[in-house]
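*Asks:* quick one, structure for this:
(one chain, ligands or ions: 1)
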Amino acid sequence: MPGPVAAGATPGARAAMQTRPFAIAIHGGAGTITRAALTPGVEADYRATLAAALRAGQQVLAADGPSLDAVAAAVRVLEDSPLFNAGRGSVFTHDGRIEMDASIMDGRDRRAGAVAALTTIRNPIDAARAVMERSRHVLLVGAGAEEFAREQGLATAEPEYFHTALRWEQLRVARESDRLQIDHDAPASAPAGDGKYGTVGAVALDRDGNLAAATSTGGLTNKRFGRVGDSPIIGAGTWAENESVAVSATGSGETFIRAAAAHELAALVKYGGRTPQRAADEVLATVERLGGRGGLIVIDRSGEPVFAFNTEGMYRGCACGVSAPEVAIYR
Ligand code: ASP
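*Replies:* Numbering: from 1, shown residues only. Predicted coordinates:
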């Protein structure tokens with residue numbers, strides 16, 4: 001990718017840019033993602049969309065924009081893609097509905113916003129951000145969250161916009177076996193498209209040294225009774241504080257909540273002196289002990305992205321400074 005650094009920048013300005021690192025990392029869910037499960041064409045689509053999301057975030061950061069804008073921009077690209085379980089392409093509830101959750105956090109001051117069980121808001125991450133910036137609250141759910149987002153003038157869409165044939169088929173299979181589709185745990189024999197999460201998330205460091213994190217999901221296939229996972233829970237699926245790290249999680253939400261995963265990771269760095277990688281590995285070990293699986297992305301103020309997952313793969317990528325985005329899927 002061509003470097004977004006302004007071509008006309010003076011050598012001094014260029015040097016200053018080099019000394020103020022910026023970076024973004026993203027995930028598109030973790031699970032039983034094997035080479036056998038993805039055709040080359042589908043894999044290319046995933047890679048292209050991940051790279052597009054990274055570029056969207058990178059452009060913000062390269063133009064001296066805030067990490068908050070960068071993570072929102074990257075997540076929006078992934079929400080707009082039918083490939084991932086967030087926004088368009090979200091999984092179905094037991095009743096054949098879409099209920100989307102999202103959260104965002106600003107590492108400067110720990111301001112945070114989150115929404116759960118949205119049904120018509122096109123980009124749930126924008127709703128989460130509106131809660132943070134334009135309400136006195138942190139988490140809004142269901143009809144109230146919808147009403148708030150509409151009042152804020154956020155774009156809406158008909159249910160059909162979010163629906164995809166693949167997710168419908170996953171619901172049919174999950175309903176038949178009365179399985180709460182925790183995709184990570186799907187058997188290898190599961191039908192194509194099964195066996196993976198698709199929750200999306202981003203973490204970023206901007207040139208001012210500020211961290212931010214964002215996460216968005218459709219949750220779990222066949223979920224019932226207003227089930228909400230970790231993604232919109234600040235401290236479980238999302239965390240950002242400049243004093244330690246920014247984190248976004250994907251996986252079996254119930255265990256990530258019980259592990260207070262994202263906050264635990266930050267605390268291990270801040271109070272326990274762990275490196276971000278070690279902290280991520282420890283948190284995943286806890287998640288595993290609790291019977292869960294999934295992955296985490298982390299960034300600290302050095303701008304070095306960290307990835308950890310205890311599944312076969314995780315859609316992921318990073319872009320450090322102006323270097324070309326790098327994406328990966330398998331272990
Ligand atoms: N963590 C999400 C949830 O439990 C699902 C996922 O990551 O795919 O709602």
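*Asks:* nearest the geometric middle of this protein, what residue?
*Replies:* Note on the chain: the residue nearest the mean C-alpha position is residue 201, at 1.3 Å, using C-alpha atoms, centre = their mean.
*Asks:* which bits of the chain sit near the ligand?
*Replies:* 29, 85, 197-199, 217, 219-220, 229-231, 250-251, 253 (C-beta under 6 Å from any ligand atom). The C-beta positions use only the backbone N, C-alpha and C, and glycine is treated the same way.
*Asks:* lowest-confidence entry in those?
*Replies:* Least confident of the residues of the chain next to the ligand in the model: residue 197, at 62.
*Asks:* that older thread, in helices, which of the residues of the chain next to the ligand appear?
*Replies:* Among these, DSSP state H puts residue 253 in helices.
*Asks:* residues near the residue in the stretch 101-250 of the chain that the ligand sits nearest to, how many?
*Replies:* Residue nearest to the ligand within the stretch 101-250 of the chain: residue 229 (2.4 Å; C-beta to the nearest ligand atom). Residue 229 has 27 neighbouring residues, counting by other C-beta atoms under 10 Å.
*Asks:* same check on the one 3 residues further on?
*Replies:* Other residues within reach of residue 232, judged by other C-beta under 10 Å, total 34.
*Asks:* could you find the closest non-adjacent residue to residue 251?
*Replies:* residue 294 (1.4 Å; C-beta to C-beta, 6 or more residues apart in numbering).
*Asks:* I should have written residue 205 there, sorry.
*Replies:* With C-beta to C-beta, 6+ apart as the criterion, residue 205 has its nearest non-adjacent residue at 4.7 Å, and that residue is residue 303.
*Asks:* check residue 92 too.
*Replies:* Distances taken as C-beta to C-beta, 6+ apart place residue 171 nearest to residue 92, at 4.1 Å, with adjacent residues excluded.
*Asks:* burial check on the one you found, number of neighbours?
*Replies:* The number of residues packed near residue 171 is 19, by other C-beta under 10 Å.
*Asks:* residue contacts, it?
*Replies:* Taking C-beta atoms under 8 Å, 6 or more residues apart in numbering, we find residue 171 in contact with 91, 92, 94, 96, 181, 221, 222.
*Asks:* go again using 10 Å as the cut-off
*Replies:* 91, 92, 93, 94, 95, 96, 181, 221, 222 (C-beta atoms under 10 Å, 6 or more residues apart in numbering).
*Asks:* what subset of the residues you listed is buried?
*Replies:* For these, a burial check counting by 16 or more other C-beta atoms under 10 Å picks out 91, 92, 93, 94, 181, 221, 222.
*Asks:* tell me which of those fall in strands.
*Replies:* Among the buried ones among the contacts of residue 171, no member falls in strands (DSSP state E).
*Asks:* hmm, which two among the residues of the chain next to the ligand are most spread apart?
*Replies:* 198 and 230 (14.5 Å; C-beta to C-beta).
*Asks:* more neighbours: which of the two?
*Replies:* Per other C-beta under 10 Å, whichever of residue 198 and residue 230 has more neighbours is residue 230, with 33 against 27.
*Asks:* wait, isn't that one in contact with residue 247?
*Replies:* No: taking contacts as C-beta atoms under 10 Å, residue 230 lies outside contact range of residue 247: 11.1 Å.
*Asks:* tell me, what's touching the two both at once?
*Replies:* Counting by C-beta under 10 Å, 6+ apart, the contacts common to residue 230 and residue 247 are 215, 236, 237, 238, 261, 262.
*Asks:* any chance of CSV for those, columns secondary structure, pLDDT and neighbour count?
*Replies:* Compiled in CSV, these are given as follows (DSSP: H, G, I helix; E, B strand; the rest coil; pLDDT from 0 to 100; neighbours: other C-beta atoms under 10 Å):
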residue, secondary structure, pLDDT, neighbour count
215, strand, 98, 38
236, coil, 98, 26
237, coil, 98, 32
238, strand, 99, 32
261, helix, 98, 31
262, helix, 98, 32
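*Asks:* wait, which of those is closest to residue 177?
*Replies:* Closest approach to residue 177 among the shared contacts of residue 230 and residue 247 (C-beta to C-beta): residue 237, at 26.4 Å.
*Asks:* contact partners for the closest one?
*Replies:* 101-103, 114, 199, 201, 213, 215-217, 229-231, 247-251, 253, 256-257, 261-262, 294, 296.
*Asks:* quick check: phi and psi on it?
*Replies:* When read as degrees, to the nearest 10, the backbone of residue 237 gives phi -90, psi -20.
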